[in-house]
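Novice: Could you look at this predicted model? Sequence included:
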Amino acid sequence: MNKYKITIITLLFTVLSLNVFGQNKTYFFEIQKNGQGKQAIIFIPGFASSGEVWNETKTEFEKEYICYTLTMAGFAGVEPQNNSTFKNWENSIVDFIKDNKIISPILIGHSMGGGLALAIASDYPDLISKIIVVDALPCLQALSNPSFKSKEKNDCSAAANQITAMTDEQFYNMQKLSIPRLLVDSTMQEKVVSWSVKSDRKTFAEMYCDFWNTDLREKIKNIKCPNLILLESYFVNIKPSIEEQYKNLKTANLQYANKGLHFIMYDDSEWYYAQLKKFLTTK
């Protein structure tokens, strides 16, 4: 009788373990799934942004595509996770694609999310069917220092200490001042500020520091899939620098917005949607 009970308990624990640990794998992001269709789009938001940044974009495409929208760990109120790095986030998105058997998804990334899209398409060139990069560069530091080289051991502790030492009011004021430099549309500025304010300060500082040390200029030569690179209007004034960053991506399809700043989906929405629709419907 005791052996019978032990066997039953063991079986129940095994089933429970499979359910808990097998079906609820932890990724470095929260996921929202919408839409319908045979083709999947994975939306990756930018630094300290919520997946809500894609709400209007999803509305345009969810009738024809399955839409997976991410919000990264520690950003916009999502629970932070240890060991958050650009590379770990890249690997986690790849794991999600493979674990869920998502065949040849399209990646759309804004800002740091665009950097992640470039990295994934570079390191896993056969995994992705298309990428759309919304105002991201292979190497931010190279804009001011073209000879920049990433540090192998990049110490982000000073940045983390500085940001975490701020009071809530100081951090809010910092974001309140910085967001208008990234977004013209005043009706959306407070929402974007709120995403930053809800972000975990340590993750905020360390991921900014890590992304600032990221250089994808060489590896983008490995990208095989069609690409669309949407850039804010100011960058048309420094085209040679932008083209130099993307020179190893021989098929780079660089398009410059007509107006606005970093949040192109808000500041030049008509142009933005026209570009996306044209690219997505091209075979």
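Specialist: Looks like it came in fine.
Novice: So which residues of the stretch 151-283 of the chain form strands?
Specialist: 227-231, 254-256 (DSSP state E, counting those that start in this stretch).
Novice: Same question for the stretch 1-150 of the chain.
Specialist: So, for the stretch 1-150 of the chain - with DSSP E, counting those that start in this stretch - the strands run 29-35, 39-44, 65-72, 106-110, 130-134.
Novice: how close does the residue nearest the centre of the chain get to Thr203?
Specialist: With distances taken as CA atoms, centre = their mean, Gly113 lies nearest the centre of the chain, 2.1 Å away. Gly113 sits 15 Å away from Thr203, going by CB to CB, to the nearest Å. Backbone N, C-alpha and C define where each C-beta goes, glycine included.
Novice: Can you give me every residue that contacts Met207?
Specialist: With contact taken as CB atoms under 8 Å, 6 or more residues apart in numbering, Met207 is in contact with 47, 72, 74, 84-86, 112.
Novice: hmm, I was thinking of Asp95
Specialist: Listed by CB under 8 Å, 6+ apart, the contact partners of Asp95 are 25, 27.
Novice: Can you check the pLDDT for it?
Specialist: As predicted, Asp95 sits at a pLDDT of 98.
Novice: so how far is Tyr27 from it?
Specialist: Here the criterion is CB to CB. By it, Asp95 lies 7 Å from Tyr27.
Novice: do Thr214 as well
Specialist: 20 Å.
Novice: neighbour count winner among these two?
Specialist: A side-by-side neighbour count of Thr214 and Tyr27, using other CB atoms under 10 Å, places Thr214 first with 21 against 17.
Novice: Leaving out the residues flanking it, which one is nearest to that one?
Specialist: Spatial nearest neighbour of Thr214, excluding adjacent residues (CB to CB, 6 or more residues apart in numbering): Phe86 at 5.4 Å.
Novice: Just confirm the one you found contacts Ile120, I think it does.
Specialist: No. Using CB atoms under 8 Å as the test, Phe86 is too far from Ile120 to be in contact (11.2 Å).
Novice: thinking again about what came up before, next step: the contacts of Met207 restricted to helices.
Specialist: Residues of the contacts of Met207 located in helices (DSSP state H): 86, 112.
Novice: Looking at the contacts of Met207, state which has the most neighbours.
Specialist: Scoring those on neighbours with other CB under 10 Å, the highest-scoring entry is Met72 at 31 neighbours.
Novice: Number of residues surrounding Asn24?
Specialist: By other CB under 10 Å, 7 other residues sit near Asn24.
Novice: Give me the pLDDT for Val20.
Specialist: Val20 is assigned a pLDDT of 35 by the prediction.
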